[in-house]
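> next comes the sequence, and after it the predicted model I'd like to discuss.
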Amino acid sequence: MNQKDIIAPENLVYQKPELMNDTPMHYCAGCSHGVVHKLVAEVVSEMGLEEKTVGVCPVGCAVFAYRYLDIDWQEAAHGRAPAVASAIKRVWPDRLVFTYQGDGDLACIGTAETIHALNRGENIAIIFINNAIYGMTGGQMAPTTLLGQKTSTCPYGRDPELHGFPLKITEMAAQLQGTCYVSRQSVDTVASIRQAKKAIRKAFEASMAGKGSSLVEIVSTCSSGWKLTPVKANEWLREHMLEFYPKGDLKDTTDL
């Protein structure tokens, strides 16, 4: 008896997407990146676009995103992923082109590139991982860090008089004429994961249909940066992050 005899197709509950490579995981335990990678892999496979997808990865925790998904990738300079993706989509309009960016990369280093690509209505999709911190370089305050939240560079908590207010980049994106679909989701529960997958699928479909720019924010955890266990990090996300960054579709003009 082999594994296929034990796990009959009709009894299979879960399996790793075939589009994901067998590579050692470099993300910390409890990090949301791995879940979102899986969702992107599933959506690309289900759309049958394995050979027509180009991902653009950033500088930050997701700098090695290209190691996990067996699609074409292009590395971009810090924050410049939307500009690179815009060029790729214009050269190859029949491709599914998306960026995968953290909050430091997208909402700080690359604020201008993000806003202008979305405002131009480039037919790209942006996957925005918001864990309210610079995770890779020691847990510094990010534009998305909550008021009162402690980081290595605001050890007494974010003070609006000193540090300014958290930046709601997704609300800003929803006001731009070039965007067709803007959504905020999370991956802290099974139900949330399923909803996030639907949002990613709609963003990719809108890109292929030439509807304009899409942005899907995933409110995420950073166990290491927050100095919490994976379980406590998910609890903290639900208690604090989702209050300031509520989930749901902020804009949908796709008719898809």
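All right, it came through fine. Numbering: from 1, shown residues only.
> would you mind identifying the next helix or strand past the lengthiest helix in the chain?
If you go by DSSP state H, the chain has its longest helix at helix 190-208. Following helix 190-208 in sequence order, the next helix or strand is strand 213-219 (DSSP states H and E).
> who does that next one touch, helix- and strand-wise?
When contacts are defined as 3 or more Cβ pairs under 8 Å, 6 or more residues apart in numbering; DSSP states H and E, strand 213-219 packs onto helix 111-120, strand 125-130, helix 169-174, strand 179-186, helix 190-208. (C-beta placed from N, C-alpha, C; glycine too.)
> could you redo the last one with a cut-off of 6 Å?
strand 125-130, strand 179-186, helix 190-208 (3 or more Cβ pairs under 6 Å, 6 or more residues apart in numbering; DSSP states H and E).
> can you check what angle separates that strand from strand 125-130?
Angle, strand 213-219 to strand 125-130, by axes from the mean of the first three to the mean of the last three Cα atoms, to 10 degrees: 20 degrees.
> Leu118: how many residues sit nearby?
27 (other Cβ atoms under 10 Å).
> Glu205 and Thr170, how far apart?
19 Å (Cβ to Cβ, to the nearest Å).
> now swap in Gly102 and tell me
In terms of Cβ to Cβ, Gly102 sits 14 Å off from Thr170.
> and these two? Which one has more around it.
For Gly102 and Thr170, the more surrounded residue by other Cβ under 10 Å is Gly102, and the numbers stand at 29 against 23.
> specify the beta-bridge partners of that one.
Applying DSSP bridges to Gly102 gives these bridge partners: Ile129.
> and it, what is it in contact with?
60-62, 129 (Cβ atoms under 6 Å, 6 or more residues apart in numbering).
> repeat that with 7 Å
By Cβ atoms under 7 Å, 6 or more residues apart in numbering, Gly102 lies in contact with 58, 60-62, 129.
> all strands of the stretch 1-150 of the chain, in order?
For the stretch 1-150 of the chain, the strands defined by DSSP state E, counting those that start in this stretch occupy 53-57, 72-75, 96-102, 125-130.
> and the longest helix of the chain, what does it pack against?
helix 33-46, strand 96-102, strand 125-130, strand 179-186, strand 213-219 (3 or more Cβ pairs under 7 Å, 6 or more residues apart in numbering; DSSP states H and E).
> any idea of the mean pLDDT for the second one?
This means strand 96-102. For strand 96-102, mean pLDDT is 97.
> among the helices and strands packed on helix 190-208, which is nearest Thr137?
Closest to Thr137 of the helices and strands packed on helix 190-208 is strand 96-102 (Cβ to Cβ; 11.0 Å).
> report the buried residues of the closest one.
If you call a residue buried by 16 or more other Cβ atoms under 10 Å, then strand 96-102 has these buried ones: 96-102.
> in CSV, list those along with distance to Pro230.
Formatted as CSV, these follow (distance: Cβ to Cβ, whole Å):
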residue, distance to Pro230
Leu96, 31
Val97, 32
Phe98, 26
Thr99, 26
Tyr100, 21
Gln101, 22
Gly102, 18
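> for Leu176, state which of the residues you listed is nearest.
Closest to Leu176, out of all of the buried residues of strand 96-102 and judged by Cβ to Cβ, is Thr99, at 16.0 Å.
> ok, now how distant is that closest one from Arg120?
14 Å.
> same question, Asp249
For Asp249, the distance to Arg120 - Cβ to Cβ - is 22 Å.
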